[in-house]
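Asker: Sharing a model that was predicted from the sequence below.
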Amino acid sequence: MSEAWVALALTLKVAGWATAINLVLGVAVGHAMARWRFPGRDLLDAVLTLPMVMPPTVLGYYLLVVIGSQGVIGAWLLQHFGIRLIFTWQAAVIAATIVAFPLVFKAARAAFEQVDPQLEDAARTLGIGEGGVFFRVSLPLAWRGILAGLLLSFARALGEFGATLMVAGSIAGQTQTLSIAVYEAVQAGQDDTANFLVAVTSITCVAVLLSAGRLAPGRVAARA
Amino acid sequence: MSTLWRHLIFLTLCAVLPLAARAGDVVVSAAASMTQALRDIAPLFETAHPGARLRLNFGASGALLTQIARGAPADVFLSADAETMDQAQSRGLVLREQRRDVASNALVVIVPAASNRVPQALAELAGAGYERIAIGLPASVPVGRYTQGVLEAANLWGAIEPKMIGANNVRQALDYVARAEVDAGFVYATDAAILPDKVRVAFTVPTAQPIRYPVAVLVGAPNPQEAARFVDFLFTPAAQAVLARHGFGRP
């Protein structure tokens, strides 16, 4: 059953990368949306939240159209760098990142909005630059909410199926994540493989949830 | 019980009941390569048999078999290869005497229409220039099984398998080639004919066993009479003409 471990390792790799990218993107965009007022902010917020409510197949199709070798970005990458994204694990990361992005972005925006602007202003009067205000005041105060969003986004990325199948395909050892391996085993009527994969997936999810519970905002605050 | 609850239950029932199968419904689980042909045959059958209604369910033959074995309420099974139907028969889902071949097909190698190279022989696919080749997953997709058989007979499977992009049904393999995400693919002649402006047929691959489509009424069919009528209808000149128009050969 070594295939299952390969699929598990790949799933963790994809979800890990997606969460890391979302840590940077989600926090940056969440902070910007919480602090800046500009026309069309509500519309932008809705667009950024779209991946959470849109069917993954719709997202997968959009991605095929954009990063496919005949797509706008895909054709450019192929022409200038010889890179083909479709059917690579990087494509799976892109799909998982987009699907999980709203969870981090929403949590980060709410967390930054909870931070009292007077504290930031106080820091400014003490002569700290904008970067210092962000990293030494806003981020530490918002951190608990952001962490909760990150854990949710990691869990969402672990289970991503529809968009991933469409852009990354199902290549054993390269792009076949746990959820796709389960689908394929069931389609082929290979119940033994399916049972084993489902057990591995369930144990992984329970492990993630347990560690999420340990890292939960309440506990972090209690220890601090 | 409060009035609100009664209303809620009533509304729920109204929403759910139309989903339940009607008496005249025939549920047909058919190979993905039959999609367009059966959609064209359905209105002909419904006109010829007023009151009967076809519900068509398409997928890879192996995946359909799994659904049926798990109790999907299907009446008719139309597979893209004899092997999947053999499995259905050995599991007692269909009876040998009810099996009939309804059409035949051919295996072809296709390349994206914009491709500047057109292979002439299977051996070329093993060489450089063909990095990704779309093939139906042999475990559940008949076209993948035919392909694997042909490549093994030609001693090329070992060289081509690492380049394989597995497709969950034949239409997915067709789509990968049409989008130029792969350099070549194995599909049926009838699939290639759907997208003549996006894919180009390089050559036809002779298969050891002919590609035939067996059809049968399922043992557990909820609606066996109408199901048998539909299977008979597939052999009428009208239905066979539709199959021929979509490129299928005689059974």
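Answerer: That came through, no problem. Numbering: from 1, shown residues only, chains lettered A, B, ... in the order given.
Asker: part of a helix, is residue B:104?
Answerer: No: assessed by DSSP: H, G, I helix; E, B strand; the rest coil, residue B:104 does not belong to a helix; its assignment is strand.
Asker: And for it, the neighbour number?
Answerer: As a burial measure, residue B:104 scores 14 neighbours (other CB atoms under 10 Å in any protein chain shown). (Each C-beta comes from the backbone N, C-alpha and C, glycine too.)
Asker: Excluding chain neighbours, what is closest to it?
Answerer: Among residues not flanking residue B:104 along the chain, residue B:249 sits closest, at 3.9 Å (CB to CB, 6 or more residues apart in numbering or on different chains).
Asker: Show the contacting residues for the residue of the stretch 51-200 of chain B found nearest chain A.
Answerer: Across the stretch 51-200 of chain B, the shortest distance to chain A (CB to the nearest CB) belongs to residue B:139, at 3.7 Å. Counting by CB atoms under 8 Å, 6 or more residues apart in numbering or on different chains, residue B:139 makes contact with A:184, A:187, A:188, A:190, B:62.
Asker: So the first one is in contact with residue A:175, correct?
Answerer: No: counting by CB atoms under 8 Å, residue A:184 does not reach residue A:175; the two are 11.7 Å apart.
Asker: Which helix or strand contains the nearest residue to residue B:45 once chain neighbours are set aside?
Answerer: Nearest residue to residue B:45, sequence neighbours excluded (CB to CB, 6+ apart): residue B:233, at 5.0 Å. Assigned by DSSP states H and E, residue B:233 falls within helix B:224-234.
Asker: Which elements pack onto that helix?
Answerer: For helix B:224-234, the elements it packs on are strand B:25-31, helix B:35-48, strand B:76-78, strand B:211-217, helix B:237-245, judged by 3 or more CB pairs under 8 Å, 6 or more residues apart in numbering or on different chains; DSSP states H and E.
Asker: Just the CA trace of it, in CSV.
Answerer: Backbone C-alpha positions of helix B:224-234 (Å, rounded to 0.1, in the frame of the first residue of the first chain) are rendered in CSV as follows:
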residue,chain,number,x,y,z
PRO,B,224,-37.9,-4.6,-17.1
GLN,B,225,-40.6,-4.4,-19.7
GLU,B,226,-39.9,-0.9,-20.9
ALA,B,227,-36.2,-1.6,-20.6
ALA,B,228,-36.5,-4.6,-23.0
ARG,B,229,-38.5,-2.4,-25.4
PHE,B,230,-35.7,0.1,-25.4
VAL,B,231,-33.0,-2.5,-26.0
ASP,B,232,-35.1,-3.9,-29.0
PHE,B,233,-35.5,-0.3,-30.2
LEU,B,234,-31.7,0.0,-30.5
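Asker: Now do that helix and helix B:35-48, the angle between them.
Answerer: Counting by axes from the mean of the first three to the mean of the last three CA atoms, to 10 degrees, helix B:224-234 points 110 degrees away from the direction of helix B:35-48.
Asker: For stretch B:209-224, measure first residue to last.
Answerer: End-to-end distance for stretch B:209-224: 31 Å, by CA to CA, to the nearest Å.
Asker: So which bits of that stretch are buried?
Answerer: For stretch B:209-224, burial by neighbour count (16 or more other CB atoms under 10 Å in any protein chain shown) applies to B:211, B:212, B:213, B:214, B:215, B:216, B:217, B:218, B:221, B:223, B:224.
Asker: Repeat that for stretch B:177-195.
Answerer: Using 16+ other CB under 10 Å as the test for burial, stretch B:177-195 gives B:177-192, B:194-195.
Asker: Just the ones of those residues in strands?
Answerer: By the criterion of DSSP state E, membership of these in strands covers B:184, B:185, B:186, B:187, B:188.
Asker: Go back to the residues you listed and keep what's next to chain A.
Answerer: When these are checked against chain A using CB under 8 Å from any CB of the partner chain, none falls in range.
Asker: that older thread, I'd like the helices and strands packed on helix B:224-234 laid out as JSON lines, including mean pLDDT.
Answerer: Below are the helices and strands packed on helix B:224-234 laid out as JSON lines (pLDDT from 0 to 100):
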{"stretch": "strand B:25-31", "mean pLDDT": "94"}
{"stretch": "helix B:35-48", "mean pLDDT": "95"}
{"stretch": "strand B:76-78", "mean pLDDT": "97"}
{"stretch": "strand B:211-217", "mean pLDDT": "96"}
{"stretch": "helix B:237-245", "mean pLDDT": "95"}
